[in-house]
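> predicted model follows, preceded by the sequence.
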Amino acid sequence: MALYAQTYRFAVNLDMTLIICHTNSPDVAFASRKAMYVPETRLSAKDKLGHNSVMLFRTLALLLVVTSAAASEGDAILAAVEQHARQLAAGHAGEIHIEAGPIDDSRLQACAQREAYSPPNTRSIGRTHIGIRCLAGANWNILVPVRIGVISTYVTTRRALLAGKTIQADDLSTVSGDLGALPTGTVIKPEQAIGKTLRNSIGAGQALRTHQLLAPRVIRQGQTVRVVSQGTGFAVRAEGKALNHAAAGELARVKMPSGRTISGIAQEDGSILLTN
């Protein structure tokens, strides 16, 4: 963890000896000067030495307390960030690594209760930001940079493959690496790619991504298709002509014998299920 803070420099005169101290708190600097002040009295050399030693010890102890408090605030923020980041990455199988920070908490007031949250467009792995806001004791809200790594397996091409090829099991290999360092949509299981068609050519040893794959068509433009509409306790079936190609799960448009055009979701069996 890296903590950055403005430093205040002050001096205290201990019986003709100038003591230079540094702190990140102007209040501590003032308090230290006040603590070291001694009214003009006639003290013996021995008394002066003892008094000065006690005052110096108190000043150093005060500085240690403030430094510890600043470190504790920063540690608490980073701990909340790490916990939230692990929750984000929980949906990925593999070994999770979190790197959070650095943060600048020099201007943050002490907080009694913090809340971590995901800002818009937060990624579940890779480089992103996590928000931390104070709910009690202060009023601040910060974004903390974080890198979420997940060590797991993903799919690469065993050889160069041309666009339009239907992918077979022997076209693929699985390797281990940090999923957070890979492009979004990287295929992590071979079964997610086998049987699908490549949208574009790809070289050997490259990570395969979902947007490069086309699912097999279950409906082709111009063919006669079965249209199903169903609800609780009933199902209505009819036939129409497909107006576009569609893979399972994609939207398909159908022209009915009446001339009406309707839309539904293409099913694995080649039928179209109407959406309500």
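Cool, the structure landed.

> can you give me the helices in the stretch 1-150 of the chain?
26-36, 45-88 (DSSP state H, counting those that start in this stretch).

> worst average pLDDT in those helices?
Least confidently modelled of those is helix 26-36, at a mean of 43 by mean pLDDT.

> look up how far Thr128 lies from the closest residue to Gly149 other than its chain neighbours.
Closest residue to Gly149 apart from its sequence neighbours, by C-beta to C-beta, 6 or more residues apart in numbering: His97 at 4.0 Å. No exception for glycine: its C-beta is placed from N, CA and C like everyone else's. His97 sits 14 Å away from Thr128, taking C-beta to C-beta, to the nearest Å as the criterion.

> and what of Val146?
Val146 sits 6 Å away from Thr128, going by C-beta to C-beta.

> tell me, what's touching His97 and Thr128 both at once?
Ile148 (C-beta atoms under 8 Å, 6 or more residues apart in numbering).

> of the two, who's got more company?
Thr128 (20 against 15; other C-beta atoms under 10 Å).

> let's see the pLDDT reported for that one.
At Thr128, pLDDT is 96.

> Pro120 is in contact with that one, correct?
No. With contact defined as C-beta atoms under 8 Å, Thr128 does not count as touching Pro120 (11.0 Å).

> residues making contact with stretch 124-143?
So stretch 124-143 is in contact with 77, 80-81, 84-85, 88-89, 91-92, 100, 103, 108-119, 122, 144-150, 179-181, 184, going by C-beta under 8 Å, 6+ apart.

> CA-only coordinates of it in CSV, if you can.
Output of stretch 124-143 as CSV, limited to C-alpha atoms (Å, rounded to 0.1, in the frame of the first residue of the first chain):
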residue,chain,number,x,y,z
SER,A,124,-15.4,-8.5,-13.0
ILE,A,125,-11.7,-9.2,-14.0
GLY,A,126,-8.8,-7.2,-15.4
ARG,A,127,-8.1,-3.5,-14.7
THR,A,128,-11.1,-1.6,-13.3
HIS,A,129,-12.1,0.8,-10.4
ILE,A,130,-14.1,0.1,-7.2
GLY,A,131,-15.8,2.9,-5.3
ILE,A,132,-15.5,3.4,-1.5
ARG,A,133,-17.8,5.9,0.3
CYS,A,134,-17.9,6.8,3.9
LEU,A,135,-21.3,6.3,5.6
ALA,A,136,-20.6,7.5,9.1
GLY,A,137,-18.0,9.8,10.6
ALA,A,138,-17.2,11.7,7.4
ASN,A,139,-18.5,12.5,4.0
TRP,A,140,-16.2,11.4,1.2
ASN,A,141,-16.4,9.1,-1.9
ILE,A,142,-13.4,7.8,-3.8
LEU,A,143,-12.6,5.5,-6.7
